[in-house]
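1. prediction below, plus the sequence it came from.
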Amino acid sequence: MPGDDPRHINWQAYARTGNYSMKLYREEVRPSVDVILDISESMKLSEKKWQRSLELFYFAIHAALKASASLSVSVIKGSEHLHFQNDMIHGSSWIDKIDDLPSTPAAASPDLSQVPLRAQSMRIFVSDLLFLDSPESTLIALSRGRGRAILMVPFLSDEEKPQWDGNYDFVEVEAGSHHSHRIEAHLLKRYRSAYQRHFDLWKTLAQKHGLLMARIPSEPDFQTALQYEALSAKVVEF
Amino acid sequence: MPFTFANPLGFWALLGIPAIILIHFLQQKSIVVKISTLFLLDHLQHQSVKGQKFDRLRSSIPLWLQLLAVLLLTWVLVQPRWMQNNAVQRIAIVIDSSASMETFREPLYLQLKSELSRLASTVHHTEYIVLDSHRSKQPIYNGNSRAQLIDALKNWQPLATAHDFTPALRTARSLVGTSGTLIMVSDHLIDELAYDAQLLAIGQPTDNVGFAGLQIVKRDDGQVMWKALVRNYSEQTQKRNWLLHTDEKKSKQRSIELAAGQTRSLQGAFPDGSDQITLRMDPDAFALDDQLPIIRPKQKKLSLATILTPEIQPLLKTTLSSLSGISLPTPDQSADLTFSVYQPLNPAPLSKGHGIVFLDRNQLPSKYLKGQIYAEHHPLLDNLNWQGLLARASLGLPLTEADTPLLWQNKHTLIFLRRGEQGNQLIFNFDLASSNATHLPAFIVTIHRFVESVRKMKVAPSQLNFEISQPINLAFAHSEEAAPLTLSSTIEQKTISRDLPAHQAQIRAPAQVGFFQIRQGDEERPLLNGATHFADTREADLQQAASRNDLNKAENDLINQYSEQDARWQLWLLILCAALLTSWHFVSRPTNNPSQLFN
């Protein structure tokens, strides 16, 4: 065809058939996937939430392996992170190691800039995103090196719509500090609004940075949970 | 229409309100919750209320329903009753006028005031009648003012001895009718009160030591001694100081110690030249027996003339010598009493005035009288035994219609009393010399009784000791021209005089402890110099005093009688049940979204 590079004409085929044919070359790409699990104490607020977090973590690993991607697995807690070999992830020994990480201040953002992320890799970050700081620093760190990122956000309905009424002695799950609050209907309503605004901000900024984000409830079974947002946000595909 | 409460104890149900509020507070104790989104709450911190263990009460439907239920329950339990318009209740109060009530005057005023105002609150209009339990004919107060009632009581003197309240209660019940309220006020408990009276006992056990009696003794040497009994009515050993004083002098103060319930005596002679002395003891709660006025007793002297035969004179020698307070008449004075002899064979008119006449036959008497001896009921012969009398039949004085036979043997009158305008004659109508009468105690006692009766009738000055309010047998001039009697009491160095009505049936010693005199007209010498003391040991013993209030029943009766109950109490009960059921429904219902309770 006009414009085709004559260096790529398949002369052997021409000799056999008398017709010109061109050799087409496709670069063979092996995708790189960096899976990062947030192991701050808020992820372990309840058994269900931690279970769902681990499910998402292993789901990401499994999907990457199935796609024959180059997998890199890290966990992060505040400014500390650990990198694990693939074979270690398939056992449970890594879980014992994460217990040695120091505790973090309340609602402290994980320092993703310290986590080695491969250029152009797909970053899958499993975290509840319950950070006090602005999402910008986290999103920039995730998308650095021309990487693409997916945010898988497990949450509890007790966090989203708590049934508080009366006097509460709240124990901050990360710092362990006690805070007395009296919750009445109007304050509860304001809390729910604040919670909603927090994740709306994350979604807006994630979209701005070209990241996919889906909140995944912890209470239903895994498949149902993925249908909550993950499917519509094209974080997962069947 | 004002209302009252038949059962004020029902107000205790209001304690349910703080109990419910406390339960609601406790239910709101802080709940410990782990949280991962505290930073979101902190953003709202400026709008949240700081949590506390006991915070302001949170409004909820169950709380208000439960409070409503408590209020309704209280309303039903206190049994509100609406008073009838124009209802009038009558309350009669019989007050124990025993002397011991003097000790409890203040409790009497206070309790009566509070109880009467409580009873009066049940009815629009109340009328009070207060009677003295001892003298119930004249009410102490009759009106509708409680303040005036108390003022009237302040002028009332309880000085009576122990007595029966029944007549006063009967009078009071007749005054207020069957629908009225009858209250008996006393200082001790009374098990059963007649005429449906309610007891208000205001006493309390109180220690008392005081004089309990007086005796005057004349010694063989003629000296007159006083002997006073002192008694400790308490249950502990008591020590008191006492002293004796006359108008001019005081003795040195001495002390006496008495064990619980012990009685001791003090005695001494009258100081020279003093006829009046007073023993004083340290004052205590019961003041009446803390002093003992004593007067040196002096009986009236009787002038006695004897006109006796030689046969009779020696027979009466012993009898005459046993009489006290006897003197011979002066030449210008007629005798008060004459012992004379009547001789049937040589009859002569009997002497005038009071006298005792003995029969002297002066010859051999006839045979002894036979048959049963009968004595008439008469103060001169009561309880005397004349059965041993041996008398001979003889001529005697014939009986007249004015004579009072005293002693009989068959148809023969042995002794009789002849009353005359100028005096009484006791006539022994048998031959004394030939009888054994002088050997009989009854003979001597009869003569003594007659002499004393003559002494009582004599109008002459005397000095005697009395208990308070003791009846006095006073001889005085009764003629129409006679001057009125005047009684002058000296109490705490103050003298009060009052005229005694001539028609007064019974003259009594003053009701206060002290000295007194009774005069007739302007006579220089009083007819009677007396001293009154308190010696009623039953009243002085305050250990049995007690308090009890039975007027709650009276109050309930009044409320039921003069008011109407709340006609809607069944409705309130139904609402109460509905409130409780609704509250239970809200409490037991799972509240997924508590905010619904507020919307």
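-> Looks like it arrived, so ask away. Residues are numbered from 1 along each chain as shown, chains lettered A, B, ... in the order given.

2. if I look at the residue lying closest to A:A194 once chain neighbours are set aside, how far off is A:S218?
-> Nearest-residue entry for A:A194: B:L40, 4.6 Å, with adjacent residues in sequence omitted and distances by C-beta to C-beta, 6 or more residues apart in numbering or on different chains. Glycine gets a C-beta too; all of them are placed from N, C-alpha and C. In this view, B:L40 and A:S218 are 18 Å apart by C-beta to C-beta, to the nearest Å.

3. these two: who's more crowded?
-> A:S218 (24 against 21; other C-beta atoms under 10 Å in any protein chain shown).

4. got the residues of chain A near chain B?
-> Residues of chain A lying close to chain B by C-beta under 8 Å from any C-beta of the partner chain are A:41-42, A:45, A:106-107, A:128, A:130, A:132, A:159, A:163-174, A:179-185, A:187-191, A:194-195, A:198.

5. ok, 7 Å please
-> Counting by C-beta under 7 Å from any C-beta of the partner chain, chain A comes close to chain B at A:42, A:45, A:106-107, A:128, A:130, A:132, A:159, A:163, A:165-173, A:179-182, A:185, A:187-188, A:190-191, A:194-195, A:198.

6. so for stretch B:524-536, what gets flagged as buried?
-> Neighbour-count burial for stretch B:524-536 flags B:526-536 (criterion: 16 or more other C-beta atoms under 10 Å in any protein chain shown).

7. out of those residues, who's nearest B:D289?
-> For these, the residue nearest B:D289 by C-beta to C-beta is B:F534; the value is 4.8 Å.

8. B:Q291 contacts B:G514, correct?
-> No: counting by C-beta atoms under 7 Å, B:Q291 does not reach B:G514; the two are 8.5 Å apart.

9. residues touching the residue positioned nearest the centre of chain B, list them.
-> Residue closest to the mean C-alpha point of chain B, counted by C-alpha atoms, centre = their mean, is B:S98 at 2.3 Å. Contacts for B:S98 (C-beta atoms under 7 Å, 6 or more residues apart in numbering or on different chains) come out as B:158, B:160-162, B:539.

10. checking the most centrally placed residue in chain A next. Helix, strand or coil?
-> The centre of chain A sits closest to A:F125, judged by C-alpha atoms, centre = their mean, with a distance of 2.2 Å. Assigned by DSSP: H, G, I helix; E, B strand; the rest coil, the conformation of A:F125 is strand.

11. now it. Nearest residue, chain neighbours left out?
-> Distances taken as C-beta to C-beta, 6+ apart place A:I36 nearest to A:F125, at 4.9 Å, with adjacent residues excluded.

12. do B:F339 as well
-> B:T306 (4.5 Å).

13. what helix or strand is that neighbour on?
-> Per DSSP states H and E, B:T306 falls inside strand B:302-307.

14. direction included, what does that strand pair up with?
-> Within its sheet, strand B:302-307 is paired with strand B:326-327 (parallel), strand B:337-342 (parallel), according to DSSP bridges.

15. gap between the last one and the chain center?
-> It stands for strand B:337-342. 47 Å (C-alpha atoms, centre = their mean, to the nearest Å).

16. pull the CA atoms of that strand into CSV?
-> What follows is strand B:337-342 as a C-alpha-only set of coordinates in CSV (Å, rounded to 0.1, in the frame of the first residue of the first chain):
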residue,chain,number,x,y,z
LEU,B,337,-70.8,23.0,175.8
THR,B,338,-72.3,21.7,179.0
PHE,B,339,-72.0,18.2,180.5
SER,B,340,-75.1,17.9,182.7
VAL,B,341,-77.2,15.3,184.5
TYR,B,342,-80.9,14.7,184.2
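
17. mind listing what's buried along that strand?
-> Going by neighbour count (16+ other C-beta under 10 Å), the buried part of strand B:337-342 is B:337-342.

18. now, which of those residues sits nearest chain A?
-> B:L337 (109.7 Å; C-beta to the nearest C-beta).

19. tell me how far the closest one lies from B:G355.
-> For B:L337, the distance to B:G355 - C-beta to C-beta - is 6 Å.

20. before we move on, back to that, inside strands: which ones of the residues of chain A next to chain B?
-> Judged by DSSP state E, the residues of chain A next to chain B include A:166-172, A:179-182 as members of strands.

21. which of those residues are buried, as a ChimeraX select command?
-> Buried residues among these (16+ other C-beta under 10 Å), as a ChimeraX selection:
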select /A:166,167,168,169,170,172,179,180,181,182
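
22. format the ones in strands among the residues of chain A next to chain B as a markdown table; extra columns: pLDDT.
-> What follows is those, written out as a markdown table (pLDDT from 0 to 100):
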| residue | pLDDT |
| --- | --- |
| A:G166 | 77 |
| A:N167 | 79 |
| A:Y168 | 85 |
| A:D169 | 86 |
| A:F170 | 90 |
| A:V171 | 91 |
| A:E172 | 90 |
| A:H179 | 86 |
| A:S180 | 83 |
| A:H181 | 83 |
| A:R182 | 80 |
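
23. before we move on, back to that, from the contacts of B:S98, pick the one nearest chain A.
-> Of the contacts of B:S98, the one sitting nearest to chain A (C-beta to the nearest C-beta) turns out to be B:P158, at 66.8 Å.
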